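J.: The following comprises the amino acid sequence and a computationally predicted model.
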Amino acid sequence: GAGVSQSPSNKVTEKGKDVELRCDPISGHTALYWYRQSLGQGLEFLIYFQGNSAPDKSGLPSDRFSAERTGGSVSTLTIQRTQQEDSAVYLCASSSPAGWTGELFFGEGSRLTVL
Amino acid sequence: GDSVTQMEGPVTLSEEAFLTINCTYTATGYPSLFWYVQYPGEGLQLLLKATKADDKGSNKGFEATYRKETTSFHLEKGSVQVSDSAVYFCALSGNTNAGKSTFGDGTTLTVKP
């Protein structure tokens, strides 16, 4: 697609439920990133993919969080047994190492509300 | 580890006022520096960047100069417009091929007519 696409744009769930957030990066971008933006806070790094592998998953807050990427394209971030503190906007970004400049291309985010 | 500290907001200015948003960083090596902007209801987008010391990034009337001696990358605009109202994020990325970028907490700018 023309840009990074994320779905759903909004998700309201009950505490204890599992949620899946999807990211479809820009075609041809081999690097994919997940960040979390809590209200009034900056962007918190979660995980980074290069192709289908995740060289850096140091930002995942707990073992309730996991992510995968298949076919070097779409990625899914899964949060199990959601807690209220998981409420945030989850941002996905992609980039191309070819001619690497460091610029990230962001989607519009998935807003998660845990009741 | 790497870190970015930017001026706390919110910042409220009148149209045509001068804008400065301060940003300082801590990093090993020679990172690239960025300003991203998030307009209401939209995703983050790159505003400008600088990849080495003394480089000046510029776009849409905004400028920032990479100052290695002061580890700073302050954002400036001479005359802001209402349409500049947004959240501005300073960020850095290491000088490796891909890998994570580190962001500041963001500064909310509101420009009033």
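T.: Received, thanks.
J.: Only C-alpha atoms from now on, for both contacts and neighbour counts.
T.: OK.
J.: Could you find the closest non-adjacent residue to the residue nearest in space to the middle of chain B?
T.: The residue lying closest to the centre of chain B (Cα atoms, centre = their mean) is residue B:35, at 3.2 Å. Excluding the flanking residues, the one nearest residue B:35 by Cα to Cα, 6 or more residues apart in numbering or on different chains is residue B:90, at 4.6 Å.
J.: where's stretch A:103-114 relative to the chain centroid, distance-wise?
T.: 7 Å (Cα atoms, centre = their mean, to the nearest Å).
J.: check contacts around the residue nearest to the centre of chain B.
T.: B:46-49, B:75, B:88-91 (Cα atoms under 8 Å, 6 or more residues apart in numbering or on different chains).
J.: so which of those residues is the most crowded?
T.: Of all those, the highest neighbour tally under other Cα atoms under 10 Å in any protein chain shown goes to residue B:90, namely 31 neighbours.
J.: can you pull the contacts of that one?
T.: Residue B:90 neighbours (Cα under 8 Å, 6+ apart): B:4, B:6, B:23, B:33-36, B:103-104, B:106.
J.: Find the pair from those residues with maximum spatial separation.
T.: Spatial extent of the contacts of residue B:90 (Cα to Cα) is set by the pair B:33 and B:106 at 14.5 Å.
J.: Show me what residue 110 bridges to in the sheet.
T.: Assuming you mean chain A. Judged by DSSP bridges, the bridge partners of residue A:110 are residue A:90.
J.: try chain B instead
T.: Beta bridges link residue B:110 to residue B:12, judged by DSSP bridges.
J.: Just checking: what are the partner strands of the host helix or strand of residue B:36?
T.: Taking DSSP states H and E as the criterion, residue B:36 maps to strand B:32-38. Using DSSP bridges, the strands paired with strand B:32-38 are strand B:44-50 (antiparallel), strand B:86-93 (antiparallel).
J.: State the mean pLDDT of it.
T.: Averaged across strand B:32-38, the pLDDT comes to 95.
J.: Please save the CA atoms from it in CSV.
T.: This file holds the C-alpha atoms of strand B:32-38, laid out as CSV (Å, rounded to 0.1, in the frame of the first residue of the first chain):
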residue,chain,number,x,y,z
SER,B,32,21.2,10.9,13.2
LEU,B,33,18.7,13.4,14.6
PHE,B,34,15.1,13.9,13.7
TRP,B,35,12.0,16.0,14.4
TYR,B,36,8.7,14.3,13.8
VAL,B,37,5.3,16.1,13.9
GLN,B,38,1.9,14.6,14.7
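J.: re earlier: now the contacts of residue B:90 as TSV including distance to residue A:54?
T.: Compiled in TSV, the contacts of residue B:90 are given as follows (distance: Cα to Cα, whole Å):
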residue	distance to residue A:54
B:4	24
B:6	29
B:23	30
B:33	24
B:34	24
B:35	26
B:36	25
B:103	20
B:104	24
B:106	27
